[in-house]
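>>> with the sequence up front, the predicted model follows.
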Amino acid sequence: MPVLSVKSLSASYHRNKVLDGVDFQVRPGTMTGIVGPNGAGKSTLLKVMLNLHPRLAGEVSFFGSGYNQVKARIGYVPQRGSVDWDFPTDALDVVLMGLYGQIGWLKWPKQQHKEKAMQALDEMGMADYAKRQISQLSGGQQQRVFLARALAQEAELYFLDEPLAGVDAATERAIMQTLKTLKEKGKTVLVVHHDLQTVEDYFDHLLLLNRRVMAHGPTEEVFTKENIFKTYGGVLRWMGEKSG
């Protein structure tokens, strides 16, 4: 059974259709890059699948069930720019927010929850910043904290929306190593990604999206000049070609 199945998914923003009949399935234990031009619907796809944005039509199932039935098995890291970083909380509390499903609403976290959160921060090299206000952290540090929150959930399926955007090289390496380790443990990872230069190094599967699925499958099969031109409208210079 696929861990994720999407059928005829459509959605719009302000009456503009940004997803149009999207169909694909994701197998367990894979790391899929979601790639396409600006405005292609990549972030919207994640939000619609996770019930964060309304859909016009279509079906989405996780592990054969609806999102609400299995949301504890799913981790999500939103775009850094969509988060209110001025909210008065520290890094440890941000990670603990990812454990509310285990803690229970309106209940105080127990020592075991704090230890799990600290372990996740430590894995991301952020244990020393546990009591630092989130607004005082750099962009790369903030991204590490949000990934630590997802790790603490111990999910089976992870969605990350542009986790490498605007981060330093060290943070990018740390994030990708963490995602690689998750995959090696049998977890499934989907990442909205923008850098075509690193696609082949980072992902074993690729979903090329421009309002609809242009191509999907193993990276070595999908990441071709023809598919990239089709996805980007032929305006993107193919890597390796010289101008002139």
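It's in. Numbering: from 1, shown residues only.

>>> please pull up the helix or strand immediately following the longest helix along the chain.
Determined from DSSP state H, the single longest helix within the chain is helix 169-184. The first helix or strand that comes after helix 169-184 along the chain, using DSSP states H and E, is strand 188-192.

>>> any residues touching that next one, and which ones?
3-4, 26-34, 42-43, 46, 156-163, 179, 182-183, 202-203, 207 (C-beta atoms under 8 Å, 6 or more residues apart in numbering). Quick note: C-beta positions are derived from backbone N, CA and C, even for glycine.

>>> those in strands, which ones?
Using DSSP state E, the subset of those located in strands is Leu4, Val26, Met31, Thr32, Gly33, Ile34, Leu157, Tyr158, Phe159, Leu160, Asp161, Leu207.

>>> list the contacts of the residue nearest to the second one when sequence neighbours are not counted.
Right, the one you point to is Val26. The spatial neighbour of Val26 that comes closest, neighbours along the chain excluded (C-beta to C-beta, 6 or more residues apart in numbering), is Leu4 at 4.1 Å. By C-beta under 8 Å, 6+ apart, the contact list for Leu4 reads Gln25, Val26, Met49, Val60, Ser61, Phe62, Leu157, Thr188, Leu190.

>>> element containing Asn227?
helix 225-232.

>>> report the angle between that helix and strand 31-35.
Angle, helix 225-232 to strand 31-35, by axes from the mean of the first three to the mean of the last three C-alpha atoms, to 10 degrees: 60 degrees.

>>> which strands and helices lie in contact with helix 225-232?
The contact analysis (3 or more C-beta pairs under 8 Å, 6 or more residues apart in numbering; DSSP states H and E) places helix 225-232 against strand 205-210, strand 212-218.

>>> pull the CA atoms of stretch 78-96 into PDB?
Provided in PDB are the C-alpha atoms of stretch 78-96 (Å, rounded to 0.1, in the frame of the first residue of the first chain):
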ATOM      1  CA  PRO A  78       6.200  24.900   6.800                       C
ATOM      2  CA  GLN A  79       8.000  27.600   4.900                       C
ATOM      3  CA  ARG A  80      10.000  29.700   7.300                       C
ATOM      4  CA  GLY A  81       8.500  32.800   5.900                       C
ATOM      5  CA  SER A  82       5.000  31.700   6.900                       C
ATOM      6  CA  VAL A  83       5.800  31.500  10.600                       C
ATOM      7  CA  ASP A  84       5.400  34.400  13.100                       C
ATOM      8  CA  TRP A  85       8.900  34.400  14.500                       C
ATOM      9  CA  ASP A  86       8.000  37.300  16.900                       C
ATOM     10  CA  PHE A  87       5.800  34.900  18.900                       C
ATOM     11  CA  PRO A  88       7.200  35.000  22.500                       C
ATOM     12  CA  THR A  89       8.500  31.400  22.900                       C
ATOM     13  CA  ASP A  90      11.800  29.600  23.100                       C
ATOM     14  CA  ALA A  91      13.200  26.800  21.000                       C
ATOM     15  CA  LEU A  92      12.300  24.000  23.500                       C
ATOM     16  CA  ASP A  93       8.700  25.100  23.600                       C
ATOM     17  CA  VAL A  94       8.500  25.100  19.800                       C
ATOM     18  CA  VAL A  95       9.600  21.500  19.700                       C
ATOM     19  CA  LEU A  96       7.200  20.600  22.600                       C
END
